[in-house]
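In: Mind folding the following:
(chains A and B)
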Amino acid sequence: MKRRGAEPHGLIAGYAVNALDEAERKAVEAHLPACEECRRDLREFRETAALLGSAEAAPVPEGLWERVREQAGRTRQLPPEAAPDRGRVRPPRRRLRTALPWAVAAAAVLAAAVLGGVAVEQNGRMESMRAHTAEVEALLAAEDTEMMTRPVSHSEASATLFVSQRSDTVMIMVEGLPPAPDGMGYQLWYVDPDGMRSAGMLHSDGGMLTGMSPGLGDAVEIGISMEPSGGAEQPTEEPMKVEV
Amino acid sequence: MRVDEAVPAHPPDGAGARELAGLLRRTALGDAAAFEGLYRELAGPVLGLAARVLRDRAQAEEVAQEVFVEVWRLAARYDPEAGGVRAWVLTVAHRRAVDRVRAEQAASDRELRAGRAEPRSTPADEVPDQVERGLDRERVRRCLGRLTELQREAVRLTYYRGYTQREAAAALRVPLTSVKGRLRDGLIRLRDCLGVAG
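Out: Numbers count the residues shown, from 1 in each chain, chains lettered A, B, ... in the order given. Here you go, the predicted model:
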């Protein structure tokens, strides 16, 4: 019994009735080509919604057709899309690798950034770096790992996330946040329905902030707040949010 | 657990589906008569749905006009694998109506922040509307009646009011995950009750 709304699959109903925000909508659209079950659910939900809509049928004023006809007459019809050979649907196995090949490259960049951050911080302590490498690899290899790109609320920044419910882990890369002043850093939070838990400090690497943390649990969002570099027990300001 | 008896149904989108598909195919080739046929079949539902979401007749007509011009423009790109023609057109209509609701909401939020406007009042509406307009409406009403309270509210706020799931969660004061789950459960139950085939 897995049931979390975080993965695109859990968002199909919301997608069918246009109840997602922009980032969620994009996540679903990226996920659909690889998920036959999702496409079937979507089709059925849309047919269902269409029946709700049809039941609202209202009398149509005569003038409306004239306006439609007139405007359509000035509108060029698009040709069929040069059919991207849809082929048969691939099973959603190892989706990160097979379904989203471009994600692999991004994952490699992100993994390198995350590892780089750790390597600096650990100052050559190979043991923990090796352990960390294994964690990153495990996350990227997990069958349910999803990659998503999300806006960071109250900022111009965006976050790329790799999320695995099964490994209970999130890896995140944030671009576009201003550098933290000396003695300060960005701290990551898991936002549960009833509170927040620290998910560690983000590492700064070039203009990029990276982090990886287990313990996702039932978090519905990731929070990011500026805190003293040692980290805080609880956020001292209302964190910016990223949906998962 | 009670087993839902199926509401006696004419097949959803039934006899008309093939006809609509034919009209759309011809529309894609620039056949104005076929386009008009499509319009005559679907203008009522499109307009009614837009009016329901927007609660504004004039805006609903604008949306309906946009929708049919869009259908004309994109007819050749309709993908039958993604669902029937009726569902496609009504999805476009719903999306456009909801986009307008959100744009207005954003504008009125800006007004609010600037301290220039009163909070938007949220008049109670009912699902289903008590006025019965035919078999479809009655069938939908009965199926909505079989949802749990929270399922029905999730469907009402998202589909009929244009709320995001997040806004619906805030309005209902329940966690976002509950709204996501109840919306999904609600649509599944409606699907089965309305006899939508897979």
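In: Where does the record place the domain boundaries for chain B?
Out: Using automatic domain parsing, the domains assigned to chain B come out as B:13-120, B:122-198.
In: Is the worst-scoring helix or strand of chain B on mean pLDDT in proximity to chain A?
Out: Taking mean pLDDT, DSSP states H and E as the measure, the helix or strand of chain B with the lowest value is helix B:14-28, at a mean of 86. Yes: using Cβ under 8 Å from any Cβ of the partner chain, helix B:14-28 comes into contact with chain A via B:Ala28. Any C-beta I mention is one placed from the backbone N, CA and C, and that applies to glycine too.
In: check contacts around B:Phe68.
Out: B:Phe68 is in contact with A:Val68, A:Ala72, B:Leu38, B:Tyr39, B:Ala43, B:Val46, counting by Cβ atoms under 8 Å, 6 or more residues apart in numbering or on different chains.
In: Excluding chain neighbours, give the residue nearest to the residue nearest the centre of chain A in space.
Out: Geometric centre of chain A, nearest residue: A:Met148, 2.8 Å, by Cα atoms, centre = their mean. Nearest residue to A:Met148, sequence neighbours excluded (Cβ to Cβ, 6 or more residues apart in numbering or on different chains): A:Ala27, at 4.8 Å.
In: just A:Gln234 next, same as before
Out: Per Cβ to Cβ, 6+ apart, closest to A:Gln234 is A:Met196, 6.6 Å.
In: could you pull out the strands for chain A?
Out: For chain A, the strands defined by DSSP state E occupy A:146-151, A:158-164, A:169-175, A:184-192, A:195-201, A:203-205, A:208-214, A:221-228, A:240-243.
In: In TSV, list those along with mean pLDDT and distance to A:Glu7.
Out: Formatted as TSV, the strands of chain A follow (pLDDT from 0 to 100; distance: least, Cβ to Cβ, whole Å):
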stretch	mean pLDDT	distance to A:Glu7
strand A:146-151	79	6
strand A:158-164	83	8
strand A:169-175	84	13
strand A:184-192	89	16
strand A:195-201	88	19
strand A:203-205	77	26
strand A:208-214	82	18
strand A:221-228	89	14
strand A:240-243	87	12
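In: Residue 30: neighbour count?
Out: Going with chain A. If you count neighbours by other Cβ atoms under 10 Å in any protein chain shown, A:Ala30 ends up with 18.
In: that's the wrong chain, I wanted chain B
Out: Per other Cβ under 10 Å, the neighbour tally for B:Gly30 reads 12.
In: thinking it is in contact with A:Gln77, fair?
Out: Yes: proximity of B:Gly30 to A:Gln77 meets the contact threshold set by Cβ atoms under 8 Å, at 6.3 Å.
In: in terms of contact, does the residue nearest to A:Gln234 touch A:Ala232 like I think?
Out: No: taking contacts as Cβ under 8 Å, A:Met196 lies outside contact range of A:Ala232: 10.3 Å.
In: Which residue ranges of chain B form strands?
Out: With DSSP E as the criterion, chain B has no strands.
In: Between its first and last residues, how far does stretch A:46-60 reach?
Out: 23 Å (Cα to Cα, to the nearest Å).
In: no wait, stretch B:172-181
Out: Distance across stretch B:172-181, first residue to last, is 14 Å (Cα to Cα).
In: what residue lies at the spatial centre of chain B?
Out: B:His94 (4.8 Å).
In: Distance check, B:Asp31 against A:Gln77.
Out: Using Cβ to Cβ, to the nearest Å, we find B:Asp31 at a distance of 11 Å from A:Gln77.
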